[in-house]
Each structure stands twice: as C-alpha cells, then as structure tokens.
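>>> Predicted model follows, preceded by the sequence.
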Amino acid sequence: MDYKKKHALIRREAPAAFIAAVLVMIFWWTAGFCLKDSDFTILYMPAWFVIGSFGSWLLAIALTFFLVTRIFTDFSLEDDNE
C-alpha cells in the first residue's frame with residue numbers, strides 16, 4: 001500500500017473516531033442534564049447517574065465495535081518500498 005492510500009485511510013478514520021467521541025459526550029451530557037430533576041431511580045441510584053454512566057459506557061463499546069469492524073483498516077505504518 002502506498003503512502004497516499006495510507007494517508008487517505010487515516011484521514012477517513014480520524015474524523016470517525018472524533019465523531020464517535022463527540023456522540024458519547026453528547027449522550028453523557030444529555031442524560032445528565034435531561035434527567036437531573038427526575039425522581040426515577042435504578043437500584044437506589046438516580047436515573048441520570050445510571051443512564052449517564054453505564055449508558056455512555058455501553059454506547060462507547062458499541063461505537064468502538066462499529067469503528068473497528070466497519071471503518072478502521074489494519075495496515076502497517078512501515079514504508080513498503082524498503
């Protein structure tokens with residue numbers, strides 16, 4: 001694989017990883033602020049904490065699985081011309 005092809009792959013993967021991180025952050029903030037006034041509890045803990053913490057953790061796992069299986073490509077960073 002030549003340098004241009006590797007660079008194109010990296011330019012595709014980096015924004016996808018950034019978008020995934022932003023989605024997890026938005027989910028965490030949304031769960032925290034939208035549920036902060038709720039009296040709903042899960043296992044005697046506030047719903048905003050459980051959904052914000054564990055939900056964002058599960059979302060991060062799902063997005064990472066998606067990135068690894070669909071977006072990321074395994075290639076060597078070494079120069080192929082050597």
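Received the coordinates, thanks. Numbering: from 1, shown residues only.

>>> ok now the host helix or strand of residue 28, how far from the chain's centre?
Per DSSP states H and E: residue 28 is located in helix 3-34. Offset of helix 3-34 from its chain centre (Cα atoms, centre = their mean, to the nearest Å): 6 Å.

>>> and the helix or strand that it is followed by, how far out from the chain's middle?
Per DSSP H and E, the first helix or strand lying C-terminal to helix 3-34 is strand 41-42. The chain centroid and the centroid of strand 41-42 are separated by 25 Å under Cα atoms, centre = their mean.

>>> what sits up against strand 41-42?
For strand 41-42, contacts defined as Cβ atoms under 8 Å, 6 or more residues apart in numbering pick out 47, 50-51. (C-beta placed from N, C-alpha, C; glycine too.)

>>> Just the buried ones from those residues?
Using 16 or more other Cβ atoms under 10 Å as the burial test, those include 47, 50-51 as buried.
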